[in-house]
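>>> Turn this into a structure:
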Amino acid sequence: MLKDSIEIKVKDNGYGIPENIKEKIFQPFFTTKPTGSGTGLGLSIINKLLYLFEAKLHIESELDVGSSFSFEISVEVSKK
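Here you go, the predicted model:
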């Protein structure tokens, strides 16, 4: 359990992320899909939001098993 923070975890059972593209997945317009099948903006937008909220990002991926993304965002807790 985390104190003074929120953790969001998203997990899939897809193909996983190869090591040679892990550094690229947050670049705008990067995609592994064929031309015309996607813009590759989703992870770029998420990365920008995480930066604005000063969130911590953790990525775990295993080829042919899937990937998980964890976002940890600090929150201000007021005690009354």
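>>> Determine the number of other residues adjacent to Gly36.
Using other CB atoms under 10 Å, Gly36 has 6 neighbouring residues. Bear in mind the C-beta positions are built from the backbone N, C-alpha and C, glycine included.
>>> try the one 5 residues further on
Neighbour count of Leu41, defined by other CB under 10 Å: 12.
>>> I'd assumed Pro28 was in contact with it.
Yes - look at Leu41 against Pro28 with CB atoms under 8 Å: they come within range, at 6.2 Å.
>>> By residue count, which strand of this structure is the longest?
Secondary structure of the chain read by DSSP state E shows that its longest strand is strand 66-74.
>>> how far does it sit from the chain's center?
From the chain centre to the centre of strand 66-74 is a distance of 6 Å (CA atoms, centre = their mean, to the nearest Å).
>>> Likewise for stretch 35-49?
That offset, for stretch 35-49, works out to 11 Å (CA atoms, centre = their mean).
>>> Next, the distance between the ends of that stretch.
26 Å (CA to CA, to the nearest Å).
>>> List the buried residues for that stretch?
Within stretch 35-49, the residues that count as buried by 16 or more other CB atoms under 10 Å are 40, 43-44, 46-47.
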